[in-house]
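*Asks:* The following block contains a protein sequence and its predicted model.
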Amino acid sequence: MLKEVTLSLEEDVYNAMAMLAQGKLNEYISSLVSSQPSRNALEEDYKAMAADTEREQEAQEWCNASRV
């Protein structure tokens with residue numbers, strides 16, 4: 001089902017998108033949005049990373065080392 005949406009963009013952003021879309025702005029925007037991971041997928045990925053204790057330890061060491 002198609003839904004109509006009105007967007008307000010700065011002219012330079014619109015021009016850049018129109019150039020990249022090569023006249024198919026609707027398809028271009030749809031492909032950008034549909035290629036983004038879902039919120040659930042991101043949450044699952046973050047949970048998996050947090051469960052990796054070795055990676056978390058390395059990340060914590062890196063964070064502590066970067067503090068001055």
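*Replies:* Nice, thanks for sending it over.
*Asks:* and the helix or strand hosting Ser31, what other elements does it pack with?
*Replies:* If you go by DSSP states H and E, Ser31 is part of helix 25-34. With contacts taken as 3 or more C-beta pairs under 8 Å, 6 or more residues apart in numbering; DSSP states H and E, helix 25-34 sits against helix 11-21. Any C-beta I mention is one placed from the backbone N, CA and C, and that applies to glycine too.
*Asks:* can you give me the mean pLDDT across stretch 51-66?
*Replies:* For stretch 51-66, the mean per-residue pLDDT is 89.
*Asks:* Within the helices and strands, which one has Arg55?
*Replies:* Counting by DSSP H and E, Arg55 is found in helix 53-66.
*Asks:* Might you calculate how far that helix sits from the centre of the chain?
*Replies:* 24 Å (C-alpha atoms, centre = their mean, to the nearest Å).
*Asks:* hmm, back to that, average pLDDT for the helix holding Ser31, rounded please.
*Replies:* Mean pLDDT, helix 25-34: 87.
*Asks:* Tell me what angle the helix or strand following it forms with helix 53-66.
*Replies:* Scanning forward in sequence from helix 25-34 by DSSP H and E, the next helix or strand is helix 39-51. Here helix 39-51 runs at an angle of 80 degrees relative to helix 53-66 (axes from the mean of the first three to the mean of the last three C-alpha atoms, to 10 degrees).
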